[in-house]
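Novice: structure of the sequence below:
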Amino acid sequence: MPDQNQKNEKEFERLLCRLADGSLDKADAELLESLLIDQPERQALYLEYMWLDSSLIELGGVSKNAPELNLQRSRQKKSLAFSVLALTACTLACLLVILLVLPALESRNQFAENKAAESDLPSKTVESATIKNTPKELVSEARFIAGHRTVFRGSNSPMLIGSRLHFSEHYMLQEGLIKILFPSGAEVILSAPAQFQVVKNDELIVNLGKCSVYAPKGAEGFEVTTPTSEVVDLGTRFSVAVAEDGSSNVAVVEGEAEISSLNRARKKTLFKGDTAYVGTDLQIKDGDKTPQDEQYVATIPDRLMAYESIQDESGLAKELSSLYVQRAGLPRTYHTDDFILPRINHYLPGTHAFGIVPADSPAEAYNQFGSMNLLFASAFINPSGQKELHQGEFTLGPQGTPGMNLIFDRPIINSPGPDLVLFDAQSIAHSLEGDVFHLYPHTEHPDAQPITIRKYDIDGYSAEARLMTGCRLTFLSSEKADDGTPLPNTARSQLINKVPSRLFVVGIDLSDMNIPPGAAITGLFLQDADDDKDRIDPVVIVGLPPVK
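Specialist: Residues are numbered from 1 along each chain as shown. Alright, predicted model coming up:
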């Protein structure tokens, strides 16, 4: 609504002014965070304020607290209407920084450059490399462009797809894979556990873990530094593995690279198939002869990358609108018309039988069997299950097999990468990993097998997980209609759920169910894995069309 938007902009301007003079309290900080979510222009302006703040702090002239904001990745660009007064204030602040800060920074940088030129020592440490090469900018040109089930620990900045990495920040990749694109075109894939830093736009420090480097033409000179070695690309693909003691193993897959011990006392050129090992004694020796294709990671596995949603008035995810999925190594976008929806014809709950409907639904609304839609707050949740995989046939109806049965509108054909996508509404009071569940395919293929899903592509550790819109819990009667449909229990009123839930998502490859390429399934039987007291809440399930 235009009036509400104008009100939000004025409130944002007020909070920025309070941020500038250091009078922002906790309540204002929370309000500022809510106004920044999904607002790229506001986020950019906020970051400009943080940059000014950091520059002034370096001079010791200003000290104020700014809130740490965990911002969601922006989905759409909106214009930011800013008052003349606010623009004038920003302009004056920038001029002040130019007049006062820039000369001091230039003087400091010139002093550092002169000292570096005077020094001609043959050795250096990782710490000295970080200090020597600290750039003027706080943020590098290296970008986080892809990840696979990534979990970071202790990062000061949010790790969102497309975000730029901060110079000299110690990033600790606890789980998964991350792909970084450098401005030269060099690409690096790091495998967990890995601890790394970007110190220059063409240099990466790896203190622990494995990295695979692809440096195309024009990216020659890209450098990977470890506690014991330096590896300079000469046009190649190579891998570097760094152990906890700092020793490093380098393997060249194609092209050539130059490796030197960190004290530069030893140097060697490696060609395709060559390996080298540098231990804590800084001697270069022949490296691990493990086949290079086992050490080198050429690409991030096919997976679900992100999702878009239609939002409610509070900015919460209301309805699925699009999916971003890597299939056959390429990113692909799927919209509403592409989704293949299932219909539900069987549901037996666990100990707590719930349906959910949108919070603004009429009091008499409840769930019925039929086609699943794309609304997140419209589903049967908490289906029952079992610890071990079910054996034999499934029985539908009130006395049937615990779980949920789904039949798709048309067959789901096995193509490269994920063929199905499932959303689990996970209460913020529960596990960050999501609920474990079993899937059984309906198919004519004789060798098909069920699978147990334990990890999500987007879970509680991911900044991509969105908060779900409000919903009403519908308590279901123990009685059933003739078709097995749970009946509403009118003796108990509906409740608006007060505990927020986030939407965890997983892409499912039919190949994991032993479905051959080109073969299809017509439906699924879903069960909770009964691994804990929590039950899966499958609010949206969609199939994807085959890759053309």
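
Novice: may I have stretch 149-167 as CSV, with CA atoms only?
Specialist: Extracted in CSV, the C-alpha atoms of stretch 149-167 (Å, rounded to 0.1, in the frame of the first residue of the first chain):
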residue,chain,number,x,y,z
ARG,A,149,24.7,-27.8,2.1
THR,A,150,27.1,-25.2,3.5
VAL,A,151,27.4,-24.5,7.2
PHE,A,152,29.7,-21.7,8.3
ARG,A,153,30.8,-21.2,11.9
GLY,A,154,31.7,-17.8,13.4
SER,A,155,31.4,-15.6,10.3
ASN,A,156,31.0,-11.9,11.0
SER,A,157,29.2,-11.4,7.7
PRO,A,158,26.2,-13.3,6.3
MET,A,159,27.0,-15.8,3.6
LEU,A,160,24.4,-15.3,1.0
ILE,A,161,24.6,-16.5,-2.6
GLY,A,162,26.1,-13.6,-4.6
SER,A,163,27.6,-11.8,-1.6
ARG,A,164,31.2,-10.5,-1.7
LEU,A,165,33.7,-11.9,0.8
HIS,A,166,35.4,-9.5,3.2
PHE,A,167,39.2,-9.1,3.0
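
Novice: please name the nearest non-neighbouring residue to Q527.
Specialist: Nearest residue to Q527, sequence neighbours excluded (CB to CB, 6 or more residues apart in numbering): G385, at 3.4 Å. Just so you know, the C-beta spots here come from the backbone N, C-alpha and C atoms, and that holds for glycine as well.

Novice: elements contacting the host helix or strand of T474?
Specialist: Applying DSSP states H and E as the criterion places T474 in strand 471-480. On a contact count with 3 or more CB pairs under 8 Å, 6 or more residues apart in numbering; DSSP states H and E, strand 471-480 meets strand 342-358, strand 486-488, strand 495-496.

Novice: mind listing the helices for the protein?
Specialist: 2-21, 26-36, 40-58, 84-118, 126-132, 292-295 (DSSP state H).

Novice: returning to that earlier point: reformat the helices and strands packed on strand 471-480 as JSON lines; add mean pLDDT, distance to L204 and mean neighbour count.
Specialist: Below are the helices and strands packed on strand 471-480 laid out as JSON lines (pLDDT from 0 to 100; distance: least, CB to CB, whole Å; neighbours: other CB atoms under 10 Å):
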{"stretch": "strand 342-358", "mean pLDDT": "85", "distance to L204": "45", "mean neighbour count": "20"}
{"stretch": "strand 486-488", "mean pLDDT": "67", "distance to L204": "55", "mean neighbour count": "19"}
{"stretch": "strand 495-496", "mean pLDDT": "78", "distance to L204": "49", "mean neighbour count": "11"}
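
Novice: with distance to V421 added, can I get those strands in JSON lines?
Specialist: Formatted as JSON lines, the helices and strands packed on strand 471-480 follow (distance: least, CB to CB, whole Å):
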{"stretch": "strand 342-358", "distance to V421": "12"}
{"stretch": "strand 486-488", "distance to V421": "26"}
{"stretch": "strand 495-496", "distance to V421": "28"}
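
Novice: do you know which of these lies nearest H445?
Specialist: For the helices and strands packed on strand 471-480, proximity to H445 was assessed by CB to CB; strand 342-358 is nearest, at 18.9 Å.

Novice: that closest one packs against which elements?
Specialist: Counting contacts by 3+ CB pairs under 8 Å, 6+ apart, strand 342-358 is packed against strand 370-371, strand 379-383, strand 403-413, strand 471-480, strand 486-488, strand 520-528, strand 538-543.

Novice: and that strand, how far out from the chain's middle?
Specialist: Centroid separation for strand 342-358 versus its chain: 29 Å, with CA atoms, centre = their mean, to the nearest Å.

Novice: got the angle for that strand vs strand 471-480?
Specialist: Relative orientation of strand 342-358 and strand 471-480, computed by axes from the mean of the first three to the mean of the last three CA atoms, to 10 degrees: 120 degrees.

Novice: and strand 342-358, which strands flank it?
Specialist: Here strand 342-358 is paired, per DSSP bridges, with strand 370-371 (antiparallel), strand 379-383 (antiparallel), strand 403-413 (antiparallel), strand 471-480 (antiparallel).

Novice: lowest average confidence across those, which one?
Specialist: For those, mean pLDDT drops lowest on strand 471-480, to a mean of 79.

Novice: in PDB, list the C-alpha atoms belonging to that strand.
Specialist: Output of strand 471-480 as PDB, limited to C-alpha atoms (Å, rounded to 0.1, in the frame of the first residue of the first chain):
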ATOM      1  CA  CYS A 471      -1.300 -20.200  10.200                       C
ATOM      2  CA  ARG A 472      -4.100 -21.700  12.200                       C
ATOM      3  CA  LEU A 473      -3.700 -25.200  13.700                       C
ATOM      4  CA  THR A 474      -6.700 -27.400  13.000                       C
ATOM      5  CA  PHE A 475      -7.100 -30.200  15.500                       C
ATOM      6  CA  LEU A 476      -8.400 -33.300  13.700                       C
ATOM      7  CA  SER A 477     -11.000 -35.600  15.000                       C
ATOM      8  CA  SER A 478     -10.300 -39.300  15.600                       C
ATOM      9  CA  GLU A 479     -13.300 -40.000  13.400                       C
ATOM     10  CA  LYS A 480     -12.900 -40.400   9.600                       C
END
